[in-house]
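Enquirer: generate a structure from the sequence data that follows.
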Amino acid sequence: MITNRKTFIFGLLLLLSFLAVFALIMSPVFGSGRNGLEYADDMFNSLSKGSAYFIPEEMEKAGKLTGTAIDVHLAAATREEAATWAKLYGTAGAQVDVTGTEVNIKGDLGVIFKAILVDCDAMYHNRDDTLRSSYGLSGREATYAWYNSLNSMKKQLEKQKMFAEASAVQSLVKKAVEPAYNYYGITAKSVADYKGIVFLLMSFYIIYTIWYGFAFYYLFDGLGITTTKAARKVEA
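Expert: As a prediction, this is how the structure comes out:
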């Protein structure tokens, strides 16, 4: 039952306008057939990628590791994966020996890192063809193989008490391999170049959330539904 017609109608208008804007947001009118959510998602993915380029600093670390010899045995899940790892590390200049699913890698850690970073840089800049020509694999397949093998390498280095080298492997995975894989196909953008759009998107999100809340607040107020406790009557 409506107890306050004025606030109820105001709340209803707020809700209807909220739904109208939502319908517009979900319409494919934001370029290339995208809706508003897809546009915002693409924008923030691009801005996120623009702030996730750590390959130059990882390349500098790789230079400091040049001359560091490693000899590790990596356990692949299948023979096919072992063969892929052997191709990757062999191309990176390491001495590789495969026995079943076990891959023995001997080489210079810094040299291996530099080869991996060249692949990651190509993927970061969406040059999948570079890895295809090197390995006969898609960029995503090759990068995922680097990811799995490096995680296995980290464990082996820790067992050998080469903790500084294991930490370097972890940094390489987090700052180069994962971004290269996850951001492939996305165009990197700088927040500094899109400050206006970012401000508008964040402001709209805040206003739109408040808009929704006030719509129900006035609707419920018009229906007489409140969170205020009724005053207790005092009997004479």
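
Enquirer: is it true that residue 85 touches residue 149?
Expert: Yes: between residue 85 and residue 149 there is a contact at 4.7 Å, judged by Cβ atoms under 8 Å. All C-beta spots, glycine's among them, are computed from the backbone N, C-alpha and C.

Enquirer: joint contacts of these two?
Expert: 74, 76, 103 (Cβ atoms under 8 Å, 6 or more residues apart in numbering).

Enquirer: and this protein, what are its domains?
Expert: 5-48+190-222, 54-182 (automatic domain parsing).

Enquirer: so how far does the first one reach from one end to the other?
Expert: Distance across domain 5-48+190-222, first residue to last, is 6 Å (Cα to Cα, to the nearest Å).

Enquirer: now do that domain, average pLDDT.
Expert: For domain 5-48+190-222, the mean pLDDT works out to 91.

Enquirer: would you map the helices across this structure?
Expert: 5-25, 36-50, 55-65, 79-91, 109-124, 128-135, 139-159, 163-172, 178-182, 195-222 (DSSP state H).

Enquirer: what residues sit buried inside the fourth one?
Expert: By that I understand helix 79-91. 81, 82, 84, 85, 86, 87, 88, 89 (16 or more other Cβ atoms under 10 Å).

Enquirer: tell me what angle it forms with helix 128-135.
Expert: Here helix 79-91 runs at an angle of 100 degrees relative to helix 128-135 (axes from the mean of the first three to the mean of the last three Cα atoms, to 10 degrees).

Enquirer: which elements pack onto helix 79-91?
Expert: Using 3 or more Cβ pairs under 8 Å, 6 or more residues apart in numbering; DSSP states H and E, the elements in contact with helix 79-91 are strand 95-99, strand 102-108, helix 128-135, helix 139-159.

Enquirer: quick one: stretch 58-73 to chain centroid distance?
Expert: 26 Å (Cα atoms, centre = their mean, to the nearest Å).
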